[in-house]
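Undergrad: Fold the following and give me the result.
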Amino acid sequence: MRLPKKVYFIEKVEVVIQDPDWGESVYTDWQVTDDYFKAEIEPFSQKLALDRYGIAVDATNRIFCKHHQKFDGNLEDIQLSYENKWYDLKEMTTYDRHCELLVKRNFNERSDED
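TA: Numbering: from 1, shown residues only. From the prediction side, this is the model:
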C-alpha cells in the first residue's frame, strides 16, 4: 500500500501564562504534535459511508493507513492534522494490513499563519 502523506496527531496541552497584574492563568489549548503516521487521504461523504459501510456518519474524508497504537483509545478524543487542516476522527474500520478512518473536517482549527 502506497502511503505518501503525513497525518499528524493533535493533542490537548495545558498552557500557563504569567501576568504581573493578574497572576498565573492556566488554560487548555490544542497543539499539533510531531507524532504522525503515513497515509493516503481522499474526499468522502455521508452518502458514501452509508453506501459502502452501511453506517450513518458525517464524514468529509477517508484516510487509509496502517494501525497506530493511538487508535486503540477512545476515537472521539482523536484529532488529526493534514496540510494545516484539522479533522475529527469519526469512525475506524480495521483490516489485517490497514485501517480506514472516516474523518470530518474541523473548521475551528488554528492555522500556523495566525
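Undergrad: three-state assignment of the residue sitting furthest away from the middle of the chain?
TA: Using CA atoms, centre = their mean, the residue of the chain lying farthest from its centre is D21. It sits 37.4 Å away. For D21, the assignment made with DSSP: H, G, I helix; E, B strand; the rest coil gives coil.
Undergrad: what's the answer for the one 3 residues further on, then?
TA: Judged by three-state DSSP, the three-state class of E24 is strand.
Undergrad: Surely it touches E14?
TA: No - E24 is beyond contact range of E14, at 11.6 Å (criterion: CB atoms under 8 Å). From N, CA and C alone the C-beta is placed, and that goes for glycine too.
Undergrad: What is the neighbour count of Y82?
TA: 18 (other CB atoms under 10 Å).
Undergrad: list the contacts for it?
TA: Counting by CB atoms under 8 Å, 6 or more residues apart in numbering, Y82 touches 5-8, 39, 41.
Undergrad: which residue ranges form the strands in the chain?
TA: Applying DSSP state E to the chain gives strands spanning 5-19, 23-43, 61-65, 79-82, 85-94, 99-106.
Undergrad: distance of the residue nearest to A49 when sequence neighbours are not counted from C65?
TA: Leaving aside its chain neighbours, A49 sits nearest to V57 (4.8 Å; criterion: CB to CB, 6 or more residues apart in numbering). Applying CB to CB, to the nearest Å, the value for V57 to C65 is 18 Å.
Undergrad: between those two, who's got more neighbours?
TA: C65 (20 against 15).
Undergrad: Spit out the contact partners of the nearest residue to that one once chain neighbours are set aside.
TA: Of all residues not flanking C65 in the chain, A39 sits nearest, at 4.0 Å (CB to CB, 6+ apart). Residues counted as contacts of A39 (CB under 8 Å, 6+ apart) are 3, 5-7, 63-65, 82.
Undergrad: at 10 Å what do you get?
TA: Neighbouring residues of A39 by CB atoms under 10 Å, 6 or more residues apart in numbering: 1, 3-7, 63-66, 68, 80, 82, 98-99, 101.
Undergrad: How confident was the prediction at it?
TA: Note on A39: pLDDT of 98.
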